[in-house]
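**Student:** just coords:
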């Protein structure tokens, strides 16, 4: 066959029409207190290397550093991974090992339901093999791995708990991940604000030197404020008042955030301030270093104050009026709180106390505050000679027994401490015995405090000019000191309902005095 002289057209090279799979990388490490991120960076490098070997395009990296998969706390990157999988953002998820992705069976269920239908899951440790959650055998294998990982986490938690208990009960030490207010690191990071070994270290002295085990020492700038607010609360002040005082002194929280009543309550309940150590919230002994900002008796007094069920502990802003919640509705007995009511005649709001339970009735605050404050002031002046004895601890009956028990238990703790220091008492025996004694001491201290329980009134009655001091309290912008006295002196102020068409007056009040003032005279508004 004759050959054609027509030149051959060169073949066009074949182009691949296969689009590489999109890969998402998930990395996680449970504990990274120093913030070095070494663990997650190693995982990231291995996962990206696997994606490159497989010819996948790495489109995103999800990182949960210093986040446990066992604690049950939210993992932000894990949550984004689930949502992005449902949105079709990738085809493959690469993890270093299955326990980086889940350690709880409930998380495996979420992954099987919400992630596996949209993307393959592969692990570096298995050299790219799938975690198959689309078949019965694959789910069984994943469940077995999950059970093993959860068991490992439980064993680790048990070891950590046992070590923490030994530190507290035997070694007399407490650990702290964040510097507690009132204390400083004995060996702080020399870099100060320039510290790079922690991703959260932003203020000088906030972190100890890396690898340091030197512990804590009393902070000379914060400790006086701690001692002052302990005394303030022991004298009947509120946690909010303690918070305001620390802010007035120019203090911030140790994380650089403003102090809040919640953080100050935590400060007031921390036994470390009294040279005590605790385990699982229970005081188990004295600190081995012997350091304390306040004495143990004052700390126990404050705990009794804070645990008093009569204290107002509901969330919300502090009352700015004298008789909010002290005044009660004469129809339902519910509390009456400050509010405003529109006056249709004048077109202006009027300050009132309003029944907060069913809005049964309201009453102008001027018809309640002025006469009740005048009555209480006169009552305190008239009985100034007799009341101080009733605001002080009683010396009779149960009260005297509680005071004696407090002293006996305090002496017993001191004796146990001396025996342990002299080596005549085993540390474990000391810890167990001291724990039992301290439990009894807290109960006795609470009973003794409840007997006196009138520190605000006692402080007012100690003034040389009770009438002048009372007038200053009623005119002050801060209503909390005034309310502290009113809560101690008054049981309630009942606002009586009036018939329609009858204008209420200050005579439509029933002032009821606290039980401890019984027999002081028949005073009524």
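**Tutor:** Received, thanks. This structure is a prediction, so every number in the text was calculated from the model and none was measured.
**Student:** where does the stretch 201-350 of the chain have low pLDDT?
**Tutor:** 201-214, 279-281, 284, 308-319 (pLDDT under 70).
**Student:** Tell me the helix or strand right after the worst-scoring helix or strand of the chain on mean pLDDT.
**Tutor:** In the chain, no helix or strand scores lower on mean pLDDT, DSSP states H and E than helix 136-169, which sits at a mean of 63. Note on helix 136-169: by DSSP states H and E, the next helix or strand toward the C-terminus is strand 183-185.
**Student:** and that next one, what other elements does it pack with?
**Tutor:** strand 216-218 (3 or more CB pairs under 8 Å, 6 or more residues apart in numbering; DSSP states H and E). Heads up, the C-betas are built off the backbone N, CA and C, glycines and all.
**Student:** what helices or strands is the strand it packs on leaning on?
**Tutor:** strand 183-185.
**Student:** where do the helices sit along the stretch 401-525 of the chain?
**Tutor:** Counting by DSSP state H, counting those that start in this stretch, the segments of the stretch 401-525 of the chain that form helices are 427-452, 455-461, 466-475, 480-489.
**Student:** how far out from the middle of the chain is the last one?
**Tutor:** Relative to the mean C-alpha coordinate of its chain, helix 480-489 is positioned 27 Å out (CA atoms, centre = their mean, to the nearest Å).
**Student:** who touches it?
**Tutor:** The contact list for helix 480-489, computed with CB atoms under 8 Å, 6 or more residues apart in numbering, reads 236-238, 240-241, 310, 318-319, 322-323, 326, 373, 376, 379-380, 453-454, 456-457, 460, 473-474, 476, 513-514, 517.
**Student:** and the angle from it to helix 466-475?
**Tutor:** 120 degrees (axes from the mean of the first three to the mean of the last three CA atoms, to 10 degrees).
**Student:** Serialize the helices of the stretch 401-525 of the chain to JSON lines and add fields for mean neighbour count and mean pLDDT.
**Tutor:** Compiled in JSON lines, the helices of the stretch 401-525 of the chain are given as follows (neighbours: other CB atoms under 10 Å; pLDDT from 0 to 100):
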{"stretch": "helix 427-452", "mean neighbour count": "18", "mean pLDDT": "70"}
{"stretch": "helix 455-461", "mean neighbour count": "21", "mean pLDDT": "80"}
{"stretch": "helix 466-475", "mean neighbour count": "15", "mean pLDDT": "93"}
{"stretch": "helix 480-489", "mean neighbour count": "21", "mean pLDDT": "88"}
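**Student:** In a markdown table: these, plus distance to residue 253.
**Tutor:** Below are the helices of the stretch 401-525 of the chain laid out as a markdown table (distance: least, CB to CB, whole Å):
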| stretch | distance to residue 253 |
| --- | --- |
| helix 427-452 | 27 |
| helix 455-461 | 27 |
| helix 466-475 | 30 |
| helix 480-489 | 22 |
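**Student:** Compare these and give me the one nearest residue 387.
**Tutor:** helix 455-461 (5.7 Å; CB to CB).
**Student:** What is that closest one packed up against?
**Tutor:** Helix 455-461 packs on helix 369-382, helix 387-391, helix 466-475, helix 480-489, going by 3+ CB pairs under 8 Å, 6+ apart.
**Student:** Now tabulate those helices in CSV and tack on distance to residue 79.
**Tutor:** CSV is the format used below for the helices and strands packed on helix 455-461 (distance: least, CB to CB, whole Å):
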stretch, distance to residue 79
helix 369-382, 51
helix 387-391, 55
helix 466-475, 52
helix 480-489, 42
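**Student:** Of the ones you listed, give the one that comes closest to residue 218.
**Tutor:** helix 480-489 (29.1 Å).
**Student:** Can you get me a residue count around residue 331?
**Tutor:** 15 (other CB atoms under 10 Å).
**Student:** Then residue 82?
**Tutor:** There are 18 residues near residue 82, going by other CB under 10 Å.
**Student:** quick one: average pLDDT of the helix or strand hosting it?
**Tutor:** When elements are assigned from DSSP H and E, residue 82 belongs to helix 76-86. What helix 76-86 shows for mean pLDDT is 92.
**Student:** Stretch 184-200 too?
**Tutor:** Here the average pLDDT along stretch 184-200 is 59.
**Student:** thinking again about what came up before, just the buried ones from the contacts of helix 480-489, in PyMOL syntax?
**Tutor:** To isolate the buried members of the contacts of helix 480-489 in PyMOL, using 16 or more other CB atoms under 10 Å:
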select buried, resi 236+237+238+240+241+318+319+322+323+326+373+376+379+380+453+454+456+457+460+473+474+513+514+517
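**Student:** was I right about residue 240 contacting residue 261?
**Tutor:** Yes. Using CB atoms under 8 Å, residue 240 is in contact with residue 261, at 5.2 Å.
**Student:** related to what we said a few turns ago, who wins for proximity to residue 45 among the helices and strands packed on helix 455-461?
**Tutor:** Comparing the helices and strands packed on helix 455-461 by CB to CB, helix 480-489 comes nearest, at 57.3 Å.
**Student:** That closest one vs helix 369-382, what angle?
**Tutor:** Using the same axes, to 10 degrees: helix 480-489 against helix 369-382 is 70 degrees.
**Student:** residue ranges for the strands of the stretch 201-350 of the chain, please.
**Tutor:** 216-218, 276-279, 282-286, 327-329, 336-343, 348-355 (DSSP state E, counting those that start in this stretch).
**Student:** most packed of these?
**Tutor:** strand 327-329 (a mean of 25; mean count of other CB atoms under 10 Å).
**Student:** what's in contact with it?
**Tutor:** Contacts of strand 327-329 (CB under 8 Å, 6+ apart): 334-336, 353, 355, 357-358, 360-361, 368, 492-495.
**Student:** follow-up on the earlier one: quick one: closest of the helices and strands packed on helix 455-461 to residue 63.
**Tutor:** Nearest of the helices and strands packed on helix 455-461 to residue 63, taken as CB to CB: helix 480-489 at 46.0 Å.
**Student:** just to revisit the earlier point, just how off-centre is the helix holding residue 82 within its chain?
**Tutor:** On the basis of CA atoms, centre = their mean, helix 76-86 sits 29 Å off its chain's mean C-alpha point.
**Student:** tell me what it is packed against?
**Tutor:** Taking 3+ CB pairs under 8 Å, 6+ apart as the contact cut, helix 76-86 packs with strand 22-29, strand 57-65, helix 105-114.
**Student:** next structured bit after that helix?
**Tutor:** strand 92-95.
**Student:** quick check: angle from the helix holding residue 82 to strand 22-29?
**Tutor:** Angle, helix 76-86 to strand 22-29, by the same axes, to 10 degrees: 160 degrees.
**Student:** Okay, angle between helix 76-86 and helix 105-114 too, please.
**Tutor:** Taking the same axes, to 10 degrees, helix 76-86 and helix 105-114 form an angle of 20 degrees between their directions.
**Student:** can you list the residues that contact helix 76-86?
**Tutor:** Taking CB under 8 Å, 6+ apart as the rule, helix 76-86 contacts 24, 26, 28, 60, 62-64, 67, 69, 90, 93, 101, 107, 110-111, 114-115, 118-119.
**Student:** now with 7 Å?
**Tutor:** 24, 26, 62-64, 90, 110, 114-115, 118-119 (CB atoms under 7 Å, 6 or more residues apart in numbering).
**Student:** Which one, of the helices and strands packed on helix 455-461, ends up nearest to residue 39?
**Tutor:** Judging the helices and strands packed on helix 455-461 by CB to CB, what sits closest to residue 39 is helix 480-489, at 48.8 Å.
**Student:** any idea how the chain splits into domains?
**Tutor:** What automatic domain parsing lists as the domains of the chain is 22-152, 183-306, 323-525.
**Student:** Could you tell me the end-to-end distance of the first one?
**Tutor:** In domain 22-152, first residue to last residue: 33 Å (CA to CA, to the nearest Å).
**Student:** Please compute how far that domain lies from its chain's middle.
**Tutor:** 32 Å.
**Student:** Likewise for the last one?
**Tutor:** For domain 323-525, the gap between its own C-alpha mean and the chain's C-alpha mean amounts to 26 Å (CA atoms, centre = their mean).
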